[in-house]
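Undergrad: the sequence isn't on hand, but the structure is:
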């Protein structure tokens, strides 16, 4: 039965709670958090709920193209000054995260978050994240991913265009020496094309029986995306910070890849085990309960 709720109020509450979870995650666990940014910038998406499909695409393209274009031109103009690294700041970060003082770790966490997202940095983050939300809203309205068989033709075209953009903007810069001034274009325009390419590719794979068998074990991980995301941070907090095993700055790339495989494989098994017994992941349940203002059923009924 369809719930009688005001969509804008419901989404605003849901996004505010997400931002709250991100606030804790960003400053207590890991400065690389994205939940706080998603929650805050997602609130801006409410302004476009009644916008036409054409407006969604126009705003998305203008915001992404304009911000990336202007900043890339600015980076090109100052390209001779790019490439330096603040070794003192790097050394300080390593020392702080290896510290056994929780206060020192939190102070470094705060400084790193502010350096990446504070001031003008958050403005540019809006300019590159909001367009992704707008493009996602457009695709959702068209139901291309909901009804892939019905929209197979357009999805094939989208797949080809995204592949060309992926290769052009992600791989292309390497053909000219991968200069730093191109990195913003590579990350954000190339990243947008690559995200669309991956999504459409997975959609096509899921339409085949063998593809369904391949991706089936990962479905539970996706249904518990928030929990798995936060758990990865908690695990790495214990592994890398000085208050835990203090591995920060001492892991070689190959060992890091091995750790990733072990942690993610564990999450595949744990997610499937959990969802055989419960309706939602722990943090998904918490988010849902806070959104509806009452405790939601968690355990699946036996029988």
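TA: Received the coordinates, thanks. All of these numbers come straight from a predicted model, not from anything done at the bench.

Undergrad: and the residue nearest to residue 179 when sequence neighbours are not counted, how many neighbours?
TA: Nearest residue to residue 179, sequence neighbours excluded (C-beta to C-beta, 6 or more residues apart in numbering): residue 79, at 6.6 Å. For the C-beta atoms, the positions are set from N, CA and C on the backbone; glycine is no exception. Residue 79 has 13 neighbouring residues, counting by other C-beta atoms under 10 Å.

Undergrad: roughly how far does residue 79 sit from residue 184?
TA: Per C-beta to C-beta, to the nearest Å, residue 79 is found 12 Å from residue 184.

Undergrad: and if you look at residue 63?
TA: For residue 63 relative to residue 184 (C-beta to C-beta), the value is 14 Å.

Undergrad: next: residue 234.
TA: Taking C-beta to C-beta, one finds residue 234 at 31 Å from residue 184.

Undergrad: then residue 23?
TA: Residue 23 is 26 Å from residue 184, by C-beta to C-beta.

Undergrad: cool, residue 18 as well?
TA: Taking C-beta to C-beta, one finds residue 18 at 26 Å from residue 184.

Undergrad: buried set for the biggest helix by length in the chain?
TA: Criterion DSSP state H: the longest helix present in the chain is helix 53-77. Across helix 53-77, burial judged by 16 or more other C-beta atoms under 10 Å covers 56, 57, 59, 60, 63, 64, 67, 68, 71, 72, 75.

Undergrad: isn't the second one right up against residue 135?
TA: Yes: distance between residue 57 and residue 135: 7.4 Å, which falls inside the contact criterion (C-beta atoms under 8 Å).

Undergrad: which strand or helix spans the nearest residue to residue 235 once chain neighbours are set aside?
TA: Take residue 235 and drop its neighbours on the chain: the residue closest to it by C-beta to C-beta, 6+ apart is residue 263, 6.0 Å away. Under the criterion DSSP states H and E, the helix or strand holding residue 263 is helix 253-275.

Undergrad: shaky segments in this structure?
TA: Along the chain, the model assigns pLDDT under 70 to residues 1-4, 85, 302-303.

Undergrad: quick one, strands of it?
TA: Applying DSSP state E to the chain gives no strands.

Undergrad: could you measure from the residue positioned nearest the centre of it over to residue 106?
TA: What sits nearest the mean C-alpha location of the chain, by C-alpha atoms, centre = their mean, is residue 34, with 6.0 Å. According to C-beta to C-beta, residue 34 and residue 106 sit 19 Å apart.

Undergrad: can you give me the helices for the stretch 101-250 of the chain?
TA: 102-117, 120-142, 152-166, 183-205, 209-223, 225-240 (DSSP state H, counting those that start in this stretch).

Undergrad: how far out from the middle of the chain is the last one?
TA: Averaging C-alpha coordinates over helix 225-240 and over its chain gives two centres that are 14 Å apart (C-alpha atoms, centre = their mean, to the nearest Å).

Undergrad: buried ones in it, by neighbour count?
TA: Applying 16+ other C-beta under 10 Å to helix 225-240 flags 226, 227, 228, 230, 231, 233, 236, 237, 240 as buried.

Undergrad: could you do the fourth one as well?
TA: Along helix 183-205, these residues count as buried under the neighbour rule (16+ other C-beta under 10 Å): 184-186, 188-194, 196-197, 199-200, 203.

Undergrad: and what of the first one?
TA: Neighbour counts over helix 102-117 (16+ other C-beta under 10 Å) mark 104, 105, 108, 109, 111, 112, 113, 117 as buried.

Undergrad: over to the fifth one?
TA: Buried residues in helix 209-223, defined by neighbour count with 16+ other C-beta under 10 Å: 220, 221, 223.

Undergrad: so the residue nearest to residue 235 sits right up against residue 232, yeah?
TA: Yes: here residue 263 lies in contact with residue 232, judged by C-beta under 8 Å, at a distance of 6.4 Å.

Undergrad: sorry, back to before: now for the helices of the stretch 101-250 of the chain, which one comes closest to residue 52?
TA: Shortest distance between residue 52 and the helices of the stretch 101-250 of the chain, using C-beta to C-beta, is found for helix 120-142: 9.8 Å.

Undergrad: report all helices and strands that the closest one contacts.
TA: Helix 120-142 is packed against helix 35-45, helix 53-77, helix 183-205, with contacts defined by 3 or more C-beta pairs under 8 Å, 6 or more residues apart in numbering; DSSP states H and E.

Undergrad: identify each buried residue in that helix, please.
TA: 124-125, 127-139.

Undergrad: hmm, residue 144 and residue 151 touching each other?
TA: Yes: look at residue 151 against residue 144 with C-beta under 8 Å: they come within range, at 4.5 Å.
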